[in-house]
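A.B. asks: What follows is a predicted structure for the sequence shown.
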Amino acid sequence: MKRLLSYSFNLLVTLCVAFTLTGCVSSRLPIASTSPWQEVELNTEANPLDISFSDPQHGFLVGTNRLILETNDGGISWGERTLDLPSEENFRLISIDFKGNEGWIAGQPGLVLHTTDAGKNWDRLAISSQLPGDPYLITTLGPDKAELATTAGAVYQTSDGGSNWEGLVSDASGGVRDLRRGLEGGYVSVSSLGNFFATLDPGQDTWQPHQRASSKRVQSLGYQPSGELWMLSRGAEIRLNDQVGEIESWGKPIIPITNGYNYLDLAWDPTGNIWAAGGNGTLLVSSDNGDSWEVDPVGDEQPSNFIRVLFDDISQDGKAKGFVLGERGILLRWAS
């Protein structure tokens, strides 16, 4: 009898440990009582990849499978928009950016579009076949002026509406899996294998490589509101720069939840809350700089991998614009 009880106890312990390792940690993270997000119906199976506004009411959403949608009510509803592109080419519209009526779209393969009338008309620009990599990120700087970064880490600038482009980098960093531009004009990128990251400060013409924070491969990298860096690594690990101006000095890993899904993006909302987004509807929020986290109830209901969290600097009546972009046409709108 004692042997049977001992066996039963050991089996129970083994099952509990196994259950813990397979993801029960996720159930221990509290669900927030309210959510600032509202689901928006897009009526598409394409993946939204970027959003930008020409004014508080008017903007565009772009994505895979030539997806381009337009809104005239601040992002509450979106309608289909067509572009004059060859029907046999299946473009991935990956980046869009407006500064007033001046706007640009970067797409793959080899696509750059330009508008000067808030998107009423778009002109396709000729891109050299010698361009290192594919267009990845476009930034509007002013009338007829923009910067284009590619999947090879090349950066170009135009001041004449795209007729001519000047290379700003003497040697590309190689293939990148993630690349972002800071408000001051610098760039950060993650190598295609995630084994290191690189920085390009304003005025530099060469990428500076840096070691990752741990042995785990880097998923994505970006800027905090302070200008310091954040890093997302495999294993659902978050790290923040812990010393001002020291980009290789990282705090202890933050692991809010272990559910088998990596985080894909990190963003700060206008109130200072941190949002972490990732696979299987993972959308977490921290109001104390990452010390504690909650599950967002609206995000938790979405059958999608969340790709991006973004906040637009165009506001109306003091209300910021924010969106969570998910696969298969999932979009959440900041309604706080």
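C.D. replies: Done, it's in.
A.B. asks: so where do the helices sit in the stretch 151-300 of the chain?
C.D. replies: Applying DSSP state H, counting those that start in this stretch to the stretch 151-300 of the chain gives helices spanning 297-300.
A.B. asks: Show me the shaky parts of the stretch 201-336 of the chain.
C.D. replies: Counting by pLDDT under 70, the stretch 201-336 of the chain shows low-confidence ranges at 314-318.
A.B. asks: quick one, strands of it?
C.D. replies: For the stretch 201-336 of the chain, the strands defined by DSSP state E, counting those that start in this stretch occupy 208-211, 218-223, 229-233, 237-240, 263-268, 274-278, 283-286, 294-295, 306-316, 319-326, 330-334.
A.B. asks: nearest to Gly119, of those?
C.D. replies: strand 306-316 (14.1 Å; C-beta to C-beta). Any C-beta I mention is one placed from the backbone N, CA and C, and that applies to glycine too.
A.B. asks: packing partners for that closest one?
C.D. replies: Under the contact definition 3 or more C-beta pairs under 8 Å, 6 or more residues apart in numbering; DSSP states H and E, strand 306-316 sits against strand 48-53, strand 263-268, strand 274-278, strand 319-326.
A.B. asks: Name the residues that touch that strand?
C.D. replies: 47-53, 55-57, 59, 74, 264-270, 275, 277-279, 281-283, 299, 320-327, 330, 334 (C-beta atoms under 8 Å, 6 or more residues apart in numbering).
A.B. asks: Could you give me the PyMOL selection string for whichever of the residues you listed are buried?
C.D. replies: Selecting only the buried entries of the contacts of strand 306-316 in PyMOL, with 16 or more other C-beta atoms under 10 Å as the criterion:
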select buried, resi 47+48+49+50+51+52+53+56+59+74+264+265+266+267+268+269+270+275+277+278+279+281+282+283+299+321+322+323+324+325+326+327+330+334
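A.B. asks: picking up where we left off before, in JSON lines, list the helices and strands packed on strand 306-316 along with distance to Asp84.
C.D. replies: Supplementary listing: the helices and strands packed on strand 306-316 in JSON lines, determined by distance: least, C-beta to C-beta, whole Å:
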{"stretch": "strand 48-53", "distance to Asp84": "20"}
{"stretch": "strand 263-268", "distance to Asp84": "32"}
{"stretch": "strand 274-278", "distance to Asp84": "33"}
{"stretch": "strand 319-326", "distance to Asp84": "25"}
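A.B. asks: Out of those strands, which gets nearest to Gln211?
C.D. replies: strand 263-268 (20.0 Å).
A.B. asks: Tabulate the CA atom coordinates of that closest one in CSV.
C.D. replies: Extracted in CSV, the C-alpha atoms of strand 263-268 (Å, rounded to 0.1, in the frame of the first residue of the first chain):
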residue,chain,number,x,y,z
TYR,A,263,7.6,38.6,-28.9
LEU,A,264,7.8,40.4,-32.2
ASP,A,265,7.5,44.0,-31.2
LEU,A,266,7.7,46.4,-28.2
ALA,A,267,6.2,49.9,-28.0
TRP,A,268,5.5,52.6,-25.4
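A.B. asks: Give the pairing partners of it; include direction for each.
C.D. replies: strand 274-278 (antiparallel) (DSSP bridges).
A.B. asks: Next, the angle strand 330-334 makes with the partner strand.
C.D. replies: 170 degrees (axes from the mean of the first three to the mean of the last three C-alpha atoms, to 10 degrees).
A.B. asks: so how far is strand 274-278 from its chain's centroid?
C.D. replies: How far strand 274-278 lies from its chain's middle: 10 Å, per C-alpha atoms, centre = their mean, to the nearest Å.
A.B. asks: Need the contact partners of that strand.
C.D. replies: Here strand 274-278 has contacts from 232, 236, 238, 256, 261-269, 282-286, 289-290, 293, 296, 299, 305-309, 324, using C-beta under 8 Å, 6+ apart.
A.B. asks: Ok, stretch 156-166 next?
C.D. replies: 112, 114, 116, 123, 125, 141, 144-150, 167-168.
A.B. asks: tell me which of the residues you listed is nearest to Gly133?
C.D. replies: Of all these, Thr150 has the smallest distance to Gly133: 3.6 Å, by C-beta to C-beta.
A.B. asks: State whether that closest one and Ser128 are indeed in contact, as I suppose.
C.D. replies: No - in this structure, Thr150 is not within contact of Ser128 by C-beta atoms under 8 Å, at 11.4 Å.
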